[in-house]
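J.: my questions are about this predicted structure, shown below with the sequence.
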Amino acid sequence: MAIDEPTPDSSHPAVYASQGADAWQPSVLSRGPWDPRAQHGGAPCALLAHVAERAAPGPGWQLARLTVELVKPVPLVLLLTRTQVQSSRATVRVGIDLLAGDVVVARAHALLLAKGSLALPADLPGWPQSQLRPLPGDCSERVRIPGLPDGVSFYGSAVESRVAEGDSSQPGPCGAWFRLAVPLVDGIANSPAMRAAAAADFGNGLSWVLPAERFLFANADMSLNLFRAPEGEWIGLRSATEVHGDGAGLAVSHLYDERGPIGLATQTLVLRERA
């Protein structure tokens, strides 16, 4: 079967355009699936990863943790970032507010670690999760989540996806590969951390368990932990979702590159029944 390639809007080749040191203009490629006025969560998560990396005092730092609180739907308007940095010899801690006008729409906390070179034991126990297979070059089906509308969006136009395990059109756990098909920020190369943050927000939709025509299951946050920087453009997710009748849920995603496991992401879900 032929692979469905994204169709980026040629007039908006990047998800964001930098408008100075701390201002970001989103394009239609940041758009989410449910409201044309709001962004997909993966877009601001990746942008906040970029802002966190930029706050490092120099080269030689890697993103180990990024937690993003999605306070409000992030609109398609000029966004501002306000950053606080605390540095030591081994760590850089970055707090970031993402604002639309005077309103905080997202808040992030990032931890960067100084890169080192360690001679580790050859028989060191590894991550318990096996590699996500098939690898993206051997996959053909694009992720298709029921109920998502067509049109230019982050999900459909800025990101390429390929299902590896399960069936994304059916409820339950699923595994897939994701790749940023366009620059996240105009004129800036997509970093490994930006790719991981963009992909990590897809776990909720990838492993959906409730029918979208009856329920809302938005994630209020995304927390990403990386124990090594991903290699290559493809980020794999093996995701599963648990929900409860009291209105809370949790999506858990193990992350991979083509070499093996790289980390873990979680999302807290806010469950509501549609009117």
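T.: Yep, it's here.
J.: chain center to stretch 20-36, what's the gap?
T.: Averaged C-alpha coordinates place stretch 20-36 at 14 Å from its chain's average position (C-alpha atoms, centre = their mean, to the nearest Å).
J.: the longest strand along the chain pairs with which strands, parallel or anti?
T.: Longest strand in the chain by number of residues (criterion: DSSP state E): strand 260-273. According to DSSP bridges, the neighbouring strands of strand 260-273, each with its direction, are strand 215-219 (antiparallel), strand 221-226 (antiparallel), strand 248-257 (antiparallel).
J.: ok so residue 51 is a strand residue?
T.: No: per DSSP: H, G, I helix; E, B strand; the rest coil, residue 51 lies outside any strand segment and is helix.
J.: just checking, it touches residue 97?
T.: No: the pair residue 51 / residue 97 is not scored as a contact, 10.2 Å apart, by C-beta atoms under 8 Å. C-beta here means a position set from N, CA and C on the backbone, and glycine is covered the same way.
J.: neighbour count: the two, which is higher?
T.: In this view residue 51 and residue 97 are compared by other C-beta atoms under 10 Å, and residue 51 has more residues nearby, 21 against 16.
J.: what residues are up against the spatially most central residue of the chain?
T.: Most central residue of the chain, judged by C-alpha distance to the mean C-alpha position with C-alpha atoms, centre = their mean, is residue 198 at 2.6 Å. By C-beta atoms under 8 Å, 6 or more residues apart in numbering, residue 198 lies in contact with 42-43, 45-46, 159, 178, 180, 184, 235.
J.: swap in residue 199?
T.: If you count contacts by C-beta under 8 Å, 6+ apart, residue 199 has them with 42, 159, 178, 235, 237, 255.
J.: to which secondary structure element is the spatially closest residue to the third one that is not a sequence neighbour assigned?
T.: So the one you mean is residue 178. Nearest-residue entry for residue 178: residue 199, 4.0 Å, with adjacent residues in sequence omitted and distances by C-beta to C-beta, 6 or more residues apart in numbering. Taking DSSP states H and E as the criterion, the element that holds residue 199 is helix 192-200.
J.: buried sites along the helix or strand of the chain with the lowest mean pLDDT?
T.: When the helices and strands of the chain are compared on mean pLDDT, DSSP states H and E, strand 215-219 comes out lowest with a mean of 93. Of the residues in strand 215-219, those with enough neighbours to count as buried (16 or more other C-beta atoms under 10 Å) are 217-219.
J.: sheet partners, orientation included, of the helix or strand where residue 109 lies?
T.: In this assignment (DSSP H and E), residue 109 forms part of strand 103-114. Strand 103-114 has its sheet partners listed here by DSSP bridges as strand 61-69 (antiparallel), strand 91-100 (antiparallel).
J.: can you say which of those is packed in most?
T.: Between the strands paired with strand 103-114, strand 61-69 has the highest mean count of neighbours, a mean of 21, where neighbours are mean count of other C-beta atoms under 10 Å.
J.: got the angle for that one vs helix 192-200?
T.: Counting by axes from the mean of the first three to the mean of the last three C-alpha atoms, to 10 degrees, strand 61-69 points 30 degrees away from the direction of helix 192-200.
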